[in-house]
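Colleague: starting from these lines, generate the structure:
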Amino acid sequence: MAKVGIVMGSDSDMPIMAKAADVLEELGIDYEMTIISAHREPDVFFEYAKTAEEKGFKVEDKFKLDDSFFVLENLDLENMTTREILANAVIVRIVERDGGRLVKNITYKKKVFDDEGNILSQSKVECDVLNEEDAKRLFSAIGYKEIMRIKESDIAFEKDGFSFAVKDIENGAKLIEAEADLKIEEMNSLEKIKAMFDKYEIPIYKDDYFIKKAELELNKILKRD
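Modeller: Coordinates of the predicted model:
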């Protein structure tokens, strides 16, 4: 039987997502619960990444992303939060795998929020396209406009159930996206996941553990704090 993935952006989501885990356990369905978040990174981290394999990490994946975000032209962006704008966005994505293989698709993520703006659930609809420029022209023809383009280069590492990806945003931030299997006792809380960064001496900024890449970049474009 396939495993169900429960994903959250921070431990503040845990009380809600734990209910989903309880239901899955009652139904006898296997699941994996993870916390995924982005972290601002200094250049020194990329020096660390070069030696990650020496520290026992293995390279899981290498790829580049080229994401173009489209929203309806008639949206009143000035009176919407950044998160609300992105919740209405459709993404034309190009993924370049290590070795040059390209994957092109259109992605729409449907998100459900609580009153405080936290994501309660998310579903994704994705379809492949042959030509990304044709996809962009189609969206323009039906009343969408491009509001942002994000290009990044990623390297994903893993060791003993702890994974992180180094994300180098073109002309933007340097981030880490960390993921851990919460079924592993040593990583079943946010504080323990934070401790993993100290354990492996990963140099990160600790003032904000939950930066969201797209929100960070769109805030810059919209000149929001």
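Colleague: CA only for contacts and neighbour counts going forward, please
Modeller: Fine.
Colleague: in this structure, which spans are strands?
Modeller: Taking DSSP state E, the strands of the chain run over residues 4-8, 31-35, 37-40, 58-72, 90-97, 102-113, 119-128, 144-159, 162-169, 174-180.
Colleague: any idea which of those is most buried?
Modeller: With neighbours defined by mean count of other CA atoms under 10 Å, none of the strands of the chain is more surrounded on average than strand 174-180, at a mean of 23.
Colleague: name the strands paired with that strand and say parallel or antiparallel.
Modeller: strand 37-40 (antiparallel), strand 162-169 (antiparallel) (DSSP bridges).
Colleague: now the angle from that strand to strand 144-159?
Modeller: 60 degrees (axes from the mean of the first three to the mean of the last three CA atoms, to 10 degrees).
Colleague: when you give positions from now on, start the count at 23
Modeller: Got it, the first residue is 23 from now on, which makes the last one we talked about strand 196-202.
Colleague: re earlier: least reliable of the strands paired with strand 196-202 by average pLDDT, please.
Modeller: Ranked by mean pLDDT, the strands paired with strand 196-202 end with strand 59-62 in last place, scoring a mean of 45.
Colleague: contacting residues around the closest residue to Glu148 other than its chain neighbours?
Modeller: Among residues not flanking Glu148 along the chain, Thr129 sits closest, at 4.5 Å (CA to CA, 6 or more residues apart in numbering). For Thr129, the contact set (CA atoms under 8 Å, 6 or more residues apart in numbering) comprises 112-115, 146-149.
Colleague: distance check, Thr129 against Val45.
Modeller: Distance, Thr129 to Val45, using CA to CA, to the nearest Å: 28 Å.
Colleague: repeat that for Met209.
Modeller: The separation that Met209 has from Val45, given CA to CA, amounts to 22 Å.
Colleague: which one of those two is surrounded by more residues?
Modeller: For Met209 versus Val45, neighbours defined as other CA atoms under 10 Å are more numerous around Met209 (21 against 11).
Colleague: my guess is the more buried one contacts Ile215. True?
Modeller: Yes. Using CA atoms under 8 Å, Met209 is in contact with Ile215, at 5.3 Å.
Colleague: spit out the contact partners of Gly165.
Modeller: Contact criterion CA under 8 Å, 6+ apart gives 94-95 as the residues in contact with Gly165.
Colleague: what pLDDT does it get?
Modeller: According to the predicted model, the pLDDT of Gly165 comes to 97.
Colleague: same check, this time on Asp88
Modeller: 96.
Colleague: spatially, what comes nearest to it if we skip its sequence neighbours?
Modeller: Nearest non-adjacent residue to Asp88 (CA to CA, 6+ apart): Lys173, at 4.4 Å.
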